[in-house]
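**Q** Everything below, folded, please.
(chains A and B)
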There are 2 protein chains.
Amino acid sequence: MAKEIDNLWREVRELSLGTKIERLDSPPSPVKFLRDYVSQSKPCVISNAIAHWPALKLWSDPAYLSRALSNDLVSLHLTPNGCADAVTPVGDRDDLCFASAHVEKVLFPEALQAVQSSCKGKKVGYLQQQNDCFRTEYSTVGLDCDGDISWATEAFGCSPEAVNLWIGTEHSVTSFHKDHYENLYAVVSGEKHFLLLPPTDVHRLYIEQYPAANYSYNRDTEAFKLEVGEPMRHVPWCSVDPYPSSENEASERLKYPLFFNGPKPFHCTVKAGEILYLPSMWFHHVSQTPGDGGYTIAVNYWYDMQFDIKYAYFNFLQSLSYKSSSLNPILSWREDEDWESSDAERNSD
Amino acid sequence: MAKEIDNLWREVRELSLGTKIERLDSPPSPVKFLRDYVSQSKPCVISNAIAHWPALKLWSDPAYLSRALSNDLVSLHLTPNGCADAVTPVGDRDDLCFASAHVEKVLFPEALQAVQSSCKGKKVGYLQQQNDCFRTEYSTVGLDCDGDISWATEAFGCSPEAVNLWIGTEHSVTSFHKDHYENLYAVVSGEKHFLLLPPTDVHRLYIEQYPAANYSYNRDTEAFKLEVGEPMRHVPWCSVDPYPSSENEASERLKYPLFFNGPKPFHCTVKAGEILYLPSMWFHHVSQTPGDGGYTIAVNYWYDMQFDIKYAYFNFLQSLSYKSSSLNPILSWREDEDWESSDAERNSD
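**A** Now for the predicted structure:
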C-alpha cells in the first residue's frame, strides 16, 4: 500500500501541481478560475486583486483602526506561545491535547494593543475569531473591503458562507489543518506565509484524536492555565509541526518520517494586495510577518465546497492505512525515488 | 481493502451522483457547466441543445444523406455480430481477444445500405470511425451541425480535439470502456442508450489485457475471419458484458460479481435533439434504437481532459487490488449493505 500511496503523491505533482504555486497578475474570469483551479483542486496566488479596497491603504495605520473601531467589542485570543488551535503538552505527564486559546471580549483598541505587545512565552494576542467575525464584530469597517470576491462568487454560484478578519504578529502561528470550505485569503497588511500539502498527502500529517483543552488567563497573576475540558471531547488534528525547535527536531523527524522525508510542502508568501486561493481539503500551516503598522491583517472568504468525487476519493484514501509492504521499515519510495530535500524553508518564497 | 472500496462506491453516489443522471432543459452557462458537472465529474443530459442544427431535420431522410454524400468515401466497419471493439472468443480454444472490425472505404450510399441491411450473426455494418471522421470523411455535410458545442468550448477553453459521426442500428453495440476525453455526445436521429459507471467503480469492470485481433471480411464467400495480430499486442479492456445471453448469464454473474451484485449502473437514454455530457474516465456501454430513417445518428465532440487530482486519484485506486479481508469470499458490502438490484434494465430510462 505504501508504494501506491507514494505514487499518488508523485503523480499529482508531476501531472498537475508542479513544484510551485501558480501566480496570476490579475483576477481570473470565473470560467478560468473554475477550469484551471477549482476543478483541479489547485491553489493559486492572485496579484492586483484588491487594489480598489480602501483597507489596503487605511489599515496599515493602527490609529485609523483604533479610532474607527473605538467602541466595538471584539474577540481577543490569548495564548502563552502564539499557538492557538494546536497540539500542545498538558498536565503533569505532558500528554498531548488540542489547545484552544483563552478568548475574551474587549474593546478593539485594547485588543490591538494586546496583539502588538505580544511576547512569546509570556502572552501572545491574536484576533482570529472564525465565526464570520468580519461581518459581525468588525462591521463598522466593513465598507473598507468588498463584501465578497466577485469573480469567486460568480464561479461558486453563492455568496461567502463566512468572512473572517485576522490580525496578528510574527508570534502567532496556525498549525497544519484543513477546512471544509473553498478559501479566498486576502492579505491587507504585512505578509502571510503558507505551507501547503494537497489532500492526497493526508497520511503525511499523522492526524490523531486529541482531547480538547482550553487556556484560561488570569489577569491578576498574568498566568495561563491549560485544562482538558469536561466531559472530555476529542478533536482530530494534524500532529506534525513543520518547524520543530532544534532540541525536538531529531525526535520529530523520527516520529513523522512521511512528512519530513517525503516531498517538500508547497510554500508561498502572500503579500498585502494579494489573494491566495486555497482549495478545500488542502492542508495549510500559516505564519506571518508584520507590515508597517506592526501587525499582519488578512480577510478570508469561506465559500461552501462541493462534496463531490474528489471528496469521496479523499475519504477513501484516508480510510486506508499507510503500510510498507517491504520488511524494511524505511519508506518504500526511498528505495527508488529521489525527492527533493524536505526541509521546509521558512519565509523564502 | 474491499470494504473501503465498497464505501467509496456508496459515498460518491450518496454525496454527489444520486441515483439518476441529471437533466437540463436548456444548455448551461459555461460557469454552471464547469461548476456543477465538469469539476464534479458528473454526467448530465441537456435538452434543446441542438434545435438549430439543420441536421436534426435533414438527416432522418436517408435519401438526403445519400445524395449529399454520394461521392464521399467513408470508413465502413463490419463485424458478424455488431460487437466491434469488444472482448470476443477467438481460435480453436475460444481464447478471449479484443476484436476490431473489418474496415473498408466505400462510397457513402453503399455504406449506409450496409448499415441498414445489417443482420446479426451474418453481417453488421456500423459507421463509427473515431479519428475525427466528421471533419474529414463527412465534411460535405459539416454545415448541417455546429463545429463545436459553444458553451463547452468556452468552458474547456479550447476547440474539440476530434468530432466523430456514428451511424448504426440496434444491431451495433459498444462494449464498456472509458475515454481520456471530455465527451459531448449529441444524438441527431433515433436514440442512444448508455449504461454508465463512475471512475470510482473501476474494479467492477474487471479490466484485463486482451490480445488485439481483427476481423477480415471476404466479399466472395461472405465470411468473416478473426485473427490475432502479429506481432501480438495487448489491449486493456473491460471484461464485463452487462447483457449476457441467457445461456451465459449464470457463469458471467459468477465471474463478475462486483459488477452484477454491486450498485446498479446509471442508465440514460439520449434522444434526438439531446446531448449527453459524459465526463472523462467514466465507463460507458452504448446501444441504440433507430429513428425514422432506419438508423441512429450521433455526433460526438471530444475535448481534451485535465490530468488533474481526479485522474491521479483514479490511477491510485486502479493500482490497488480489490481484496476481501473477510474469510468469507462474499463481497464485504453484502454483509451490511442493501444495494438496489443490479439488473441493468435495458432501454427503460
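
**Q** Spell out the residue ranges of the strands in the stretch 101-250 of chain A.
**A** For the stretch 101-250 of chain A, the strands defined by DSSP state E, counting those that start in this stretch occupy A:102-107, A:124-126, A:162-168, A:174-177, A:181-189, A:191-197, A:207-218, A:223-228, A:234-238.

**Q** Could you dump the ones you listed into a markdown table and include mean pLDDT?
**A** Output for the strands of the stretch 101-250 of chain A, formatted as a markdown table (pLDDT from 0 to 100):
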| stretch | mean pLDDT |
| --- | --- |
| strand A:102-107 | 97 |
| strand A:124-126 | 96 |
| strand A:162-168 | 97 |
| strand A:174-177 | 97 |
| strand A:181-189 | 98 |
| strand A:191-197 | 98 |
| strand A:207-218 | 97 |
| strand A:223-228 | 96 |
| strand A:234-238 | 97 |
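
**Q** right, so the ones you listed: which one is the most enclosed?
**A** With neighbours taken as mean count of other Cβ atoms under 10 Å in any protein chain shown, the strands of the stretch 101-250 of chain A reach their highest mean count in strand A:124-126, at a mean of 27. Where you see a C-beta, it was placed from the backbone N, CA and C, and this is true even at glycine.

**Q** list the helices and strands it packs on?
**A** Packed against strand A:124-126 by the contact rule (3 or more Cβ pairs under 8 Å, 6 or more residues apart in numbering or on different chains; DSSP states H and E) you find strand A:73-79, helix A:108-116, strand A:162-168.

**Q** returning to that earlier point: want to try JSON lines for the strands of the stretch 101-250 of chain A, with distance to residue B:186 as columns?
**A** Formatted as JSON lines, the strands of the stretch 101-250 of chain A follow (distance: least, Cβ to Cβ, whole Å):
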{"stretch": "strand A:102-107", "distance to residue B:186": "58"}
{"stretch": "strand A:124-126", "distance to residue B:186": "56"}
{"stretch": "strand A:162-168", "distance to residue B:186": "42"}
{"stretch": "strand A:174-177", "distance to residue B:186": "45"}
{"stretch": "strand A:181-189", "distance to residue B:186": "32"}
{"stretch": "strand A:191-197", "distance to residue B:186": "41"}
{"stretch": "strand A:207-218", "distance to residue B:186": "46"}
{"stretch": "strand A:223-228", "distance to residue B:186": "62"}
{"stretch": "strand A:234-238", "distance to residue B:186": "47"}
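
**Q** Residue B:306 is nearest to which of those?
**A** Residue B:306 lies closest, by Cβ to Cβ, to one member of these: strand A:181-189, at 17.8 Å.

**Q** quick one: the closest one to chain centroid distance?
**A** Offset of strand A:181-189 from its chain centre (Cα atoms, centre = their mean, to the nearest Å): 10 Å.

**Q** which helices and strands sit right next to it?
**A** Using 3+ Cβ pairs under 8 Å, 6+ apart as the contact test, the elements touching strand A:181-189 are helix A:150-156, strand A:266-271, strand A:275-278, strand A:296-304.

**Q** Quick one: those as JSON lines, columns for mean neighbour count, distance to chain B and mean pLDDT too.
**A** Listed next are these as JSON lines, based on neighbours: other Cβ atoms under 10 Å in any protein chain shown; distance: least, Cβ to the nearest Cβ, whole Å; pLDDT from 0 to 100:
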{"stretch": "helix A:150-156", "mean neighbour count": "20", "distance to chain B": "6", "mean pLDDT": "98"}
{"stretch": "strand A:266-271", "mean neighbour count": "20", "distance to chain B": "14", "mean pLDDT": "98"}
{"stretch": "strand A:275-278", "mean neighbour count": "26", "distance to chain B": "14", "mean pLDDT": "98"}
{"stretch": "strand A:296-304", "mean neighbour count": "23", "distance to chain B": "11", "mean pLDDT": "98"}
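
**Q** near chain B, which residues of chain A?
**A** Applying Cβ under 8 Å from any Cβ of the partner chain, one finds that chain A approaches chain B through A:1, A:4-5, A:7-8, A:11-12, A:15-16, A:30-32, A:34-35, A:38-42, A:154-157, A:198-200, A:306-313, A:315-317, A:319-320.

**Q** pull the helix or strand with minimum mean pLDDT from chain A.
**A** Ranking every helix and strand in chain A by mean pLDDT, DSSP states H and E puts helix A:333-336 at the bottom, with a mean of 43.

**Q** Mind giving me the PyMOL command for buried ones among the residues of chain A next to chain B?
**A** Buried members of these, defined by 16 or more other Cβ atoms under 10 Å in any protein chain shown, are picked up in PyMOL with:
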select buried, chain A and resi 1+4+5+7+8+11+12+15+16+30+31+34+35+38+39+40+41+42+154+155+156+198+199+200+306+307+308+309+310+311+312+313+315+316+317+320
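
**Q** Now, the residues of chain A next to chain B that are in helices?
**A** Using DSSP state H, the subset of these located in helices is A:4-5, A:7-8, A:11-12, A:30-32, A:154-156, A:309-313, A:315-317, A:319.

**Q** Which of the strands of the stretch 101-250 of chain A sits closest to residue A:77?
**A** Ranking those by proximity to residue A:77 (Cβ to Cβ) places strand A:124-126 first, at 4.7 Å.

**Q** What strands line up against the closest one, and which way round?
**A** Partners of strand A:124-126 in the sheet, by DSSP bridges, are strand A:73-79 (antiparallel).

**Q** mind listing what the next helix-or-strand element following the partner strand pairs with, with the direction of each?
**A** Note on strand A:73-79: by DSSP states H and E, the next helix or strand toward the C-terminus is strand A:86-90. Paired neighbours of strand A:86-90 in the sheet (DSSP bridges): strand A:95-100 (antiparallel).

**Q** what mean pLDDT does the strand it pairs with have?
**A** Per-residue pLDDT values across strand A:95-100 average out to 95.

**Q** Same list (the helices and strands packed on strand A:124-126) but as CSV, adding distance to residue B:238.
**A** What follows is those, written out as CSV (distance: least, Cβ to Cβ, whole Å):
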stretch, distance to residue B:238
strand A:73-79, 55
helix A:108-116, 60
strand A:162-168, 45
